[in-house]
Structure formats: C-alpha cells, structure tokens
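1. Got a sequence here, can you build the structure:
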Amino acid sequence: MSHVMIGLVGVGKIARDQHIPAMAAATSCQFVATADPNAVLPGTPGYASLEAMLDAHPEITAVAICTPTHLRYSQARLALMRGKHVLLEKPPGATLSEVEDLIAVADQQGVSLFAAWHSRFAPGVAHAKQWLAERSIRRVDIEWKEDVRVWHPGQAWIWQPGGMGVFDPGINALSIATAILPQPFFLRQARLQVPENCQTPIAAELSFTDHLDTAIEAVFDFRQTGPQTWDIHIDTDGGRVSLTDGGCRLTIEGQQIVDAEEKEYEGLYTYFAELIAAGRSEVDVAPLRQVADAFLYGHRDVTDAFIE
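-> The predicted model follows:
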C-alpha cells in the first residue's frame, strides 16, 4: 500500500493533540502541509486556505478536516471536487443534509469519504460489539461527563448553532452505542439544559428504546470537574458489560477483558488508508441523526449564563 499524502485543515487543539501524532504513527500515511488562516506548525508548510495548500502541493491525495463543524461542509466539498479523499473529524457535518451531499459528491468524483467516529476505535469497542451480538440487551446506561474548560478552552463556536454544545463529546458515546448494540434504537424523550447566553446545551438527559422496549438512558454534562466520566454499562442475559474510560477498558461480569492505552486516532488513520486502497467510503450518520433527533424532540430548560 502506497503512502496516503495528507493535508490537514485546521490546526486547533484536536489536530495538535490527536491527528498530527496519529499521522506520524500510522505507517500508511504521510503528513504534508496545513491550511489554517490563524495558525501554523513549526517545520511544516502552512497556508491560509485549503485551496492555497492544494495548489502548492499537488502530491496531496487526501485531506483531513478538523475545523469547527459549521465550516466543514464547504471545505470538504472543495477537496472532493479537487479529487482528494476526505477524512472528516466528528461530527461529519452540522446537518444531515450537508453530509448526504458530501456522500453524493464523493461518489461522483470516485474518491473516499470517511466520517471518522474515533471512539469506535477505542480498544474495548470491537470486543464488546462481538460479545453483545449474541446476547439479549436488558438495559443500557450511558454517562458521559467532562469539563468543557479543559477540552474546549476559549472555543466560543461550541456554543453557537452547529457547535452542538455537550453533544460534541456526547456524540462519541452515541457513536459507540450505535456500533455495539445489536438493535437500532430511537429517542423517546430528551431534556436539554441551555445556558441563557448560549444556543447549544451544556447538559442533556436522553431516553431511548428499541423495538424490544429496552431502556437506554444517557446523561451528558459539560460541567464535570475532577476525574472525567466516559462510561457505558449494559445489562444483558449473560451479565453486565462495562465500557469505561471512553472504551479503553472493558469488563464483563466483573472480569477485566481489555485494559489498553488509547490509540484511537492511529487506528482511524490506518483504516482511512485501507478505505482509500479499497476504493470505498464509510459515512455512518446514525450518531448525528440521534443528536438531530434530540434537538428536534428535546425540551429545553434555560439555565444560568455559562462563563467560559
């Protein structure tokens, strides 16, 4: 497999913390240049726009887009129209309509489009999915709580339309749940807490079920301090399954099955290269649809103003 030559769009926290180290570790990828009007990386060619980066580096075959959600559609479409494969940081778009158009454009251009649900690449997820496939699910409890000040310092876009608020991390939990649960599930009730100076929620309580009337409850909160909580507990006819620490740890009936270092993004880039080599796209909109349903169906409670 030849190297995938990648240009990175957006040099923010997630790009620096995850994407750049992952590209360096993935033997199938080579990091070429960046496009960001406000930031550059020492020792790496940097450009103010995606178009300028692609003009300067015709060797780039793929683009990874790590900009705020509301910017991704136009950038991804430009890259696809230039014949580049595209990896989209989660969520893949601000709306389902945007993502559906990108799928069509990628197909027309004959290039790969990858909605990168990175949490699905956590060490315990694949094993949990395999184990649950042969069990009856009785109840699911999701608790995803983190401190927005740590993970999104000074990022006002998270509170604006398209920013998704607490669903920016919460969609990671939904990406795991939609991947590992053997039955599709559907929103039945949602309560969103929205600060009076924001347009997206800072916390949410969601109730889902499937056609078997399984209780699936999720609690998301962006106000967590101290240790962060990224846990999914699933009661089955074969015992309790717990994916904790974002999926790095898997316990089944009290027995620890997986306890591994988080290397989600390295696996993500390796898989992106495999998709390109196979001439395939992979764009699962199920997690984004669940969030869209929550915004559509949810009851909003206005809370005190949030100070970043």
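2. Every contact and neighbour count from this point should use C-alpha atoms.
-> OK.
3. where does the stretch 1-150 of the chain dip in pLDDT?
-> 1 (pLDDT under 70).
4. redo that, cut-off 90
-> By pLDDT under 90, the low-scoring segments of the stretch 1-150 of the chain are 1-3.
5. Ser175 reaches Asp284, doesn't it?
-> No: contact criterion Cα atoms under 8 Å: Ser175 and Asp284 do not qualify, at 9.1 Å.
6. Looking only at neighbour counts, state which of the two leads.
-> With neighbours defined as other Cα atoms under 10 Å, Ser175 and Asp284 compare such that Ser175 has more, 22 against 17.
7. Can you report phi and psi for that one?
-> The phi and psi values for Ser175, taken as degrees, to the nearest 10, are phi -70, psi -40.
8. so what's Ser112 up against?
-> Going by Cα atoms under 8 Å, 6 or more residues apart in numbering, Ser112 touches Lys84, His85, Val86, Ala106, Leu275, Ile276, Gly279, Arg280, Ser281, Glu282.
9. Is it possible to get TSV of these that adds secondary structure, neighbour count and distance to Pro161?
-> Output for the contacts of Ser112, formatted as TSV (DSSP: H, G, I helix; E, B strand; the rest coil; neighbours: other Cα atoms under 10 Å; distance: Cα to Cα, whole Å):
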residue	secondary structure	neighbour count	distance to Pro161
Lys84	coil	24	28
His85	strand	30	27
Val86	strand	29	24
Ala106	helix	24	26
Leu275	helix	18	31
Ile276	helix	20	32
Gly279	coil	13	34
Arg280	coil	16	31
Ser281	coil	21	28
Glu282	strand	14	26
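10. Do a quick rundown of the strands in the stretch 201-308 of the chain.
-> Here the stretch 201-308 of the chain has its strands, by DSSP state E, counting those that start in this stretch, at 203-209, 215-221, 229-236, 239-244, 249-252, 255-259, 299-303.
11. scratch that, the stretch 51-200 of the chain
-> Using DSSP E, counting those that start in this stretch, strands in the stretch 51-200 of the chain cover 62-65, 85-89, 113-116, 137-145, 186-195.
12. who's in contact with the residue nearest the centre of the chain?
-> For the chain, the residue nearest the mean C-alpha position is Lys90 (3.2 Å; Cα atoms, centre = their mean). Taking Cα under 8 Å, 6+ apart, we find Lys90 in contact with Ala115, Ala116, Trp117, His118.
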